[in-house]
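Q: Generate a structure from the sequence data that follows.
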Amino acid sequence: MPPELAGELREVLAKLDQNQRWWVAGLLAAGTATSAVATSAGAAVTVLFGSHTGNSERLARRIAESLGARGVRHQLIDMLECRKTHLQESRTLLIVVSTHGDGEPPERAAPLLELLHSRKAPRLDHLQYAVLALGDSSYEKFCEAGRQFDARLEALGATRVHHRVDCDVDFEPDAQRWIDGIVERLDAPPVDAPAHAAPRATGRGADSAATAGPTSVANAYTRKNPFRAPVLANLRLTAAGSSKDVRHVELSIEGTNLHYEPGDALGIVARNRPADVDALLDTLRFDPQAPVPAGANGTMALREALAERHDIGPVQPAFLRRYAQAIRSAPLEARIHGDAPSLARYARERALRDLVAEYGTVDLGPQEFVALLPPLAPRLYSIASSQRAAPDEIHLTVAVVEYAALGRARRGLVSGLLADATGEDASLPVYLHRNPGFRLPANAAAPIVMIGPGTGVAPFRAFVAERDALGAKGRNWLFFGDRSFETDFLYQAEWIDWRKRGTLSRVDVAFSRDRAEKTYVQHRLAARGAELWRWLEEGAYIYVCGDAEYMAPDVHRTLLEIVARHGDRSLERAGEYLLDLQRVRRYQRDVY
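A: Model prediction:
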């Protein structure tokens, strides 16, 4: 840095208080992070991404690389960084956005979608655009976030320059065709020239659970080419008497050249159990060797397709609707159009074989039947280890899903696979899944607050182990919750050891079933509100991991109340404060 510039910077910093200096540090850290705006002066194309697990961001970066290779000026922007002026100044807008939960946009995409639906939304008659949507067709509102962006941009006057593609869990083929098509279209005429709207269409191909970009070292192993990782240890973390079976699984990645960071996830490639496939085939009465489509104009035997490619486990309401329409079943249609809670309960209790046994396949053949089935998606688990502390290993924290329905014991497909991987020769098919939106601060002196009940604590074990291995000076505060202190305090000995050695500055716990009045992590947060506010004012980063349906919203509401009360501001201003923390990556969530 030139001396005169350094002098000016020191003068500016001298005028800031401690909190402002932390804010600038966070902003600069965000500017070098993967979510940062990568701009080109006078950019002709703006690529916006809204990512939940990182797939949309990776695809957006691939688009930017393709545009750059063709000399097309562009800028790459995380949706949370997108302002109204970006929309007004852009001529061509490319959107890549995922959908999660019940049709929800990624949280870093939600403010932009709200802006577009508000009275503050600008007219966009000057804009041409295209949308690539990622989702999971087993859910009711498949690719809903992409659909909303597409419809709203059109309503605001923008012109669709390329049809939207709705991608399913195996998104790579459709996404790459969309990228090739849009890049070729933008490379042909000048990008500022008006374009005619393309016919609207939807495709199928991907959601939020696949692989990293082609330039990544991790891409030596992918969902389609996983590494068989030997199982080094498989230990039950919950004690006898616990209502849950939670496992600590250690895998070897020796010799793979895989490099991961705390916050990343490990993908486990799913394969249906042979007994479940046989039970379904017995119910179907189809020839197990009947040829069915296998992608790229190929075919495979029905048995193989049901084992490797299609989800045959618990059915979702969205699938029930497709199936009822395909077999023209009036009773099933009547059930679907009943009340939503009853339909959800009905779906939860039934695997595909139960549905077939109840309603049959009518006139469907093997090919038509498998065309209705959702793809078999891999499962992602937060990595619970630091590579600095445990070289050549990856640790996972896995809750085994077990329940009974229709008189049969049921077990989660992949969690059951992990629980059973106990033999000396046990191995699991894995690949690395980057999660750039969930990262430790670049400044090792920055304090962090980690909120992770249940198995949501997994990445925080990695965070603390990493900071311990680095000798980081930043303070670390953990909030952990579960059912019972005696049986469910995951990694208790490790947290106590880190606390004794000073690596953990504070540990606050909440066990919901140890008292008549249930206590959760949000209650502990509220009780420590004044101190938590001081940490925030001193530049602390907040991380939340775990349940998206109940825990994460409850924690967010509690944080709002803490900021409002102890920061002496309205709830609206408290919301703006937390949104600013999200923008500079000081408030990060990995919820599911």
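Q: which strand of the protein spans the most residues?
A: strand 227-236 (DSSP state E).
Q: Partner strands of the helix or strand just after it and their direction?
A: Counting by DSSP states H and E, the next helix or strand C-terminal to strand 227-236 is strand 246-252. If you go by DSSP bridges, strand 246-252 pairs up with strand 227-236 (antiparallel), strand 393-399 (antiparallel).
Q: Name the stretch among the ones you listed that sits most buried.
A: strand 393-399 (a mean of 23; mean count of other Cβ atoms under 10 Å). Placement of C-beta: from N, CA and C, glycine included.
Q: Tabulate the strands paired with strand 246-252 (a markdown table), appending mean pLDDT and distance to Glu531.
A: Output for the strands paired with strand 246-252, formatted as a markdown table (pLDDT from 0 to 100; distance: least, Cβ to Cβ, whole Å):
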| stretch | mean pLDDT | distance to Glu531 |
| --- | --- | --- |
| strand 227-236 | 97 | 34 |
| strand 393-399 | 98 | 28 |
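Q: which intervals of this protein have sub-threshold pLDDT?
A: Scanning the chain for pLDDT under 70 picks out the ranges 1-43, 188-219, 296-297.
Q: Let me see the domain layout of it.
A: Annotated domains of the chain cover 33-187, 224-269+378-433, 274-372, 448-591 [automatic domain parsing].
Q: most packed of the ones you listed?
A: domain 33-187 (a mean of 20).
Q: residues near the nearest residue to Ala540 once chain neighbours are set aside, how many?
A: Excluding the flanking residues, the one nearest Ala540 by Cβ to Cβ, 6 or more residues apart in numbering is Pro447, at 4.2 Å. Neighbours of Pro447 under the rule other Cβ atoms under 10 Å: 21.
Q: and Leu80, that's in a helix?
A: Yes. Under DSSP: H, G, I helix; E, B strand; the rest coil, Leu80 falls within a helix.
Q: measure it to Leu396 for me?
A: Leu80 sits 29 Å away from Leu396, going by Cβ to Cβ, to the nearest Å.
Q: try Lys473
A: Counting by Cβ to Cβ - Lys473 and Leu396 are separated by 29 Å.
Q: Same check on Trp477?
A: For Trp477, the distance to Leu396 - Cβ to Cβ - is 24 Å.
Q: With Asp78 instead?
A: The value you get for Asp78 to Leu396, if Cβ to Cβ is used, is 28 Å.
Q: Adding distance to Leu581, write the strands paired with strand 246-252 out as CSV.
A: Below are the strands paired with strand 246-252 laid out as CSV (distance: least, Cβ to Cβ, whole Å):
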stretch, distance to Leu581
strand 227-236, 36
strand 393-399, 27
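Q: So for Pro288, which of those sits nearest?
A: strand 227-236 (26.3 Å; Cβ to Cβ).
Q: So Arg569 sits against Val563, correct?
A: Yes. Between Arg569 and Val563 there is a contact under Cβ atoms under 8 Å: 6.9 Å.
Q: Common neighbours of those two, please.
A: Counting by Cβ atoms under 8 Å, 6 or more residues apart in numbering, the contacts common to Arg569 and Val563 are Tyr577.
Q: Just say helix, strand or coil for the nearest residue to Val507 once chain neighbours are set aside.
A: Spatial nearest neighbour of Val507, chain neighbours left out: Leu478 (5.0 Å); criterion: Cβ to Cβ, 6+ apart. Look at Leu478: counting by three-state DSSP, its state is strand.
Q: does Gly546 really touch Gly454, like I thought?
A: Yes. Assessed by Cβ under 8 Å, Gly546 is found in contact with Gly454 at 5.9 Å.
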